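K.L.:
when you get a sec, could you give me coordinates for this:
(2 chains)
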Amino acid sequence: MIAYLKIAGVVLAACLLQMTLLPRYLLDPFQPNLLIILVVYLGLKLPHRLAGVAAFALGLLQDTFSGIYLGLHAFSYLCIYTLLAELADRLYTNNRALFVLVVLLATVSSAFLNLLMLAIFSVSNGVYASLLPALIPQALINGLIASLFFGVRLPVEEAR
Amino acid sequence: MRNLLLRYKRFLMTAVFLLVAFLTYALNLRNKEHANPLERAVMNVTAPVAGSVATITGTAGDIWSNYIDLLEVRQENIELRKSVKLLNERMVAKNEAAVENARLKALLDLKGAVAVPSIAVSVIGEDSSAWFKTLVVDRGSADGLLEGMPVVAAGGVVGRLVKVAPQSSRVLLLTDHASAIAAVVQRSRARGVVRGAGGGRCSLEFTVKDEDVKVGDAVISSGIGGVFPKGLPIGEVTMVKKGEYGVFQTIEVRPSVNIGKLEEMLVLVRQSGE
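P.N.:
You can find the predicted model right below:
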């Protein structure tokens, strides 16, 4: 029970940081996306059916505080989690470089998935003009944060 | 003679010593700026001793001046530093209050100018993604806010409410790709729709090529659609391009509101039935 509360605390802290503190002090494309790092962590270290629900919930949480399309990030995070869960047992998940690389690739993949969904299902023409220039800085900053927090053992592992 | 000398021996000895002293003085009157051998010898012997005594005296004086005597001064210094820190904090708070006062005054002037009931809101959060442009404000449905209500600031249009919770709401900024505001060029009355283009920019779309639009023209809300009241400043034209083909011209608009520095805004409350 306490482990789950700790998990909730970590997620809440990540959300609040992304919404209040980081936008105040960091320029737009250089604000890290902490939730996608958590999704990659779940996919590589904890492939489990409930972890899939958690990844979907993290996406919904991201959508609540970002943009106006509920379900956009939820879908892309679930796709990323599913792919990582399938590949996790073939990878050496304790490797820091691999974790950073996967976070980089996950950021890029999430962006392209979002772009595809927006292009097909919304009238936000030209959204690629915002997404694409911010993609590389966002991926790099996510990779940097992932490398800094790689050694931190999150309470999720206590809940297993 | 010998008896005379013996009888006055003391007197004579005294006289001789006085004479020698006088002669010493008289002979050295000419060499008053030069040390004679005697003087040099005495100085040579006493100099080291005098130096040691001076060193010891100076050290003792330093200890007294810089430590024992300064014990109270150190405490006074600590107290003065605390006072300076407190005064600096007060000065910063005062400056912040003055700046906030100016901001709120401008907002109050806007509230009077708009002539539509409005509610002041403050920004409490921003979009957690780098790709969308929304803000979170501290009022919601409990304060009478509804989705679709326009949001303005002292400089002009900011956006509209898109998601309203009881205690907070999300504002879709005019620079977001999902934003669209019916607009008109103030000078030539050319109509169009201001859509967000990301990166702090907007574009005026669906303006026919024949319309007269120039760089520097002010763009205001047209009131069409009933969302934004007519006449609210939206921005300024920064680029106009008329291609060879196509019906519409390409126009870029820079918002008149500094999106990055928004803190307080007004939500225009629509009356029921409007």
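K.L.:
spit out the contact partners of residue 131.
P.N.:
Since no chain was named, I'll use chain A. A:111, A:114-115, B:131 (CB atoms under 8 Å, 6 or more residues apart in numbering or on different chains). Bear in mind the C-beta positions are built from the backbone N, C-alpha and C, glycine included.
K.L.:
if you could check chain B rather than the one you did, that'd help
P.N.:
Applying CB under 8 Å, 6+ apart, the residues near residue B:131 are A:66-67, A:111, A:114, A:127, A:130-131, A:134, B:198.
K.L.:
not counting its neighbours along the chain, what's nearest the closest residue to chain A within chain B?
P.N.:
Distances between chain B and chain A by CB to the nearest CB are smallest at residue B:198, namely 3.0 Å. Leaving aside its chain neighbours, residue B:198 sits nearest to residue A:130 (3.0 Å; criterion: CB to CB, 6 or more residues apart in numbering or on different chains).
K.L.:
need phi/psi at the one you found.
P.N.:
Backbone torsions of residue A:130, given as degrees, to the nearest 10, read phi -90, psi -40.
K.L.:
that one: neighbouring residues, count only.
P.N.:
A total of 26 residues lie near residue A:130 under the criterion other CB atoms under 10 Å in any protein chain shown.
K.L.:
with the one 3 residues further on instead?
P.N.:
A total of 16 residues lie near residue A:133 under the criterion other CB under 10 Å.
K.L.:
pretty sure it is touching residue A:29, no?
P.N.:
Yes - if you go by CB atoms under 8 Å, residue A:133 and residue A:29 touch, sitting 7.1 Å apart.
K.L.:
sorry, back to before: turn the contacts of residue A:131 into a markdown table, columns for secondary structure.
P.N.:
Listed next are the contacts of residue A:131 as a markdown table, based on DSSP: H, G, I helix; E, B strand; the rest coil:
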| residue | secondary structure |
| --- | --- |
| A:111 | helix |
| A:114 | helix |
| A:115 | helix |
| B:131 | coil |
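K.L.:
give me the beta-bridge partners of the residue of chain B closest to chain A?
P.N.:
residue B:201 (DSSP bridges).
K.L.:
number of residues surrounding it?
P.N.:
24.
K.L.:
got a list of what it touches?
P.N.:
By CB under 8 Å, 6+ apart, the neighbours of residue B:198 are A:126-127, A:129-130, B:131, B:133, B:175-177.
K.L.:
now the strands for the chain?
P.N.:
Here I'm looking at chain A. With strands called from DSSP state E, chain A shows none.
K.L.:
please refer instead to chain B.
P.N.:
Under DSSP E, chain B gives strands at B:118-126, B:134-137, B:150-153, B:156-164, B:169-173, B:180-185, B:191-198, B:201-205, B:218-221, B:233-241, B:250-255, B:264-268.
K.L.:
pipe these into JSON lines and attach mean pLDDT and distance to residue A:71 per row.
P.N.:
Output for the strands of chain B, formatted as JSON lines (pLDDT from 0 to 100; distance: least, CB to CB, whole Å):
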{"stretch": "strand B:118-126", "mean pLDDT": "87", "distance to residue A:71": "21"}
{"stretch": "strand B:134-137", "mean pLDDT": "87", "distance to residue A:71": "16"}
{"stretch": "strand B:150-153", "mean pLDDT": "92", "distance to residue A:71": "25"}
{"stretch": "strand B:156-164", "mean pLDDT": "90", "distance to residue A:71": "13"}
{"stretch": "strand B:169-173", "mean pLDDT": "90", "distance to residue A:71": "16"}
{"stretch": "strand B:180-185", "mean pLDDT": "93", "distance to residue A:71": "22"}
{"stretch": "strand B:191-198", "mean pLDDT": "90", "distance to residue A:71": "21"}
{"stretch": "strand B:201-205", "mean pLDDT": "90", "distance to residue A:71": "27"}
{"stretch": "strand B:218-221", "mean pLDDT": "93", "distance to residue A:71": "31"}
{"stretch": "strand B:233-241", "mean pLDDT": "93", "distance to residue A:71": "31"}
{"stretch": "strand B:250-255", "mean pLDDT": "93", "distance to residue A:71": "29"}
{"stretch": "strand B:264-268", "mean pLDDT": "90", "distance to residue A:71": "27"}
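K.L.:
dump these to a markdown table, plus distance to residue A:42.
P.N.:
What follows is the strands of chain B, written out as a markdown table (distance: least, CB to CB, whole Å):
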| stretch | distance to residue A:42 |
| --- | --- |
| strand B:118-126 | 25 |
| strand B:134-137 | 26 |
| strand B:150-153 | 37 |
| strand B:156-164 | 27 |
| strand B:169-173 | 27 |
| strand B:180-185 | 37 |
| strand B:191-198 | 30 |
| strand B:201-205 | 37 |
| strand B:218-221 | 46 |
| strand B:233-241 | 43 |
| strand B:250-255 | 39 |
| strand B:264-268 | 38 |
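K.L.:
nearest to residue B:212, of the ones you listed?
P.N.:
Nearest to residue B:212 among the strands of chain B is strand B:180-185 (8.0 Å), distances taken as CB to CB.
K.L.:
roughly how far apart are residue B:89 and residue B:96?
P.N.:
Distance check for residue B:89 against residue B:96: by CB to CB, to the nearest Å, it reads 11 Å.
K.L.:
surely residue A:58 meets residue A:39?
P.N.:
Yes - in this structure, residue A:58 is within contact of residue A:39 by CB under 8 Å, at 5.7 Å.
K.L.:
so which of these two has more stuff around it?
P.N.:
residue A:39 (28 against 24).
K.L.:
residues in contact with the residue lying closest to residue B:129 once chain neighbours are set aside?
P.N.:
Spatial nearest neighbour of residue B:129, chain neighbours left out: residue A:66 (3.8 Å); criterion: CB to CB, 6+ apart. Contact analysis of residue A:66 by CB under 8 Å, 6+ apart lists A:73, B:127-129, B:131-132, B:134.
K.L.:
in helices, which of those appear?
P.N.:
The helices, defined by DSSP state H, take in residue A:73 from the contacts of residue A:66.
K.L.:
any idea which of the contacts of residue A:66 the model trusts least?
P.N.:
On pLDDT alone, residue B:128 ranks lowest of these, at 70.
K.L.:
that residue and residue B:193, how far apart?
P.N.:
28 Å.
K.L.:
low-confidence ranges in chain A?
P.N.:
A:47, A:49, A:123-126, A:152-160 (pLDDT under 70).
K.L.:
spell out which residues of it are next to chain B.
P.N.:
A:15, A:18-20, A:23-24, A:28-29, A:31, A:33, A:35, A:62, A:65-68, A:73, A:111, A:114, A:122-127, A:129-131, A:133-134, A:137-138 (CB under 8 Å from any CB of the partner chain).
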